[in-house]
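>>> Sequence first, then the predicted structure, then my questions.
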Amino acid sequence: MAGMSALELETLWTEFHGVVNMTSQEIGVVLQADGDGESEWTSTGLRVLEILQKRRSELTEEDTRVMYDVVERVEDFAPGADGRPSRDQLMRLGHDPLRSAPEGSL
């Protein structure tokens, strides 16, 4: 991938798969139930599902932008903080903040 070293891609891949702690099936259920009009979060969640089905070598520059965005949104999460994403919003991205992060991530 142009503009990104192998080490940067490896780091992003690891961070992304560390914050996405829900299965594709679980994310799909959350997205199907989404009826509150938060289309930006749902749109990103659909992209997360696409990325989860790819190999690292198949990623596009747009995929890496989405991955950075997801990692940033999840890392910005602070329970009860004004302006921070809610649990429902994060679950649309594949992150359930009530679950423990997999060992070795974050």
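In hand now; what should we look at? Residues are numbered from 1 along each chain as shown.
>>> Please identify the buried residues of stretch 52-68?
Along stretch 52-68, these residues count as buried under the neighbour rule (16 or more other Cβ atoms under 10 Å): 59, 63-64, 66-67. (Each C-beta comes from the backbone N, C-alpha and C, glycine too.)
>>> export those to a markdown table and tack on secondary structure, distance to residue 43 and pLDDT?
Below are those laid out as a markdown table (DSSP: H, G, I helix; E, B strand; the rest coil; distance: Cβ to Cβ, whole Å; pLDDT from 0 to 100):
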| residue | secondary structure | distance to residue 43 | pLDDT |
| --- | --- | --- | --- |
| 59 | coil | 18 | 95 |
| 63 | helix | 14 | 97 |
| 64 | helix | 17 | 97 |
| 66 | helix | 10 | 97 |
| 67 | helix | 15 | 97 |
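>>> isn't residue 97 right next to residue 86, touching?
No - applying Cβ atoms under 8 Å, one finds residue 97 not in contact with residue 86, separated by 9.4 Å.
>>> more crowded one of those two?
The residue with the greater number of neighbours, taking residue 97 and residue 86 and applying other Cβ atoms under 10 Å, is residue 97; the counts read 16 against 13.
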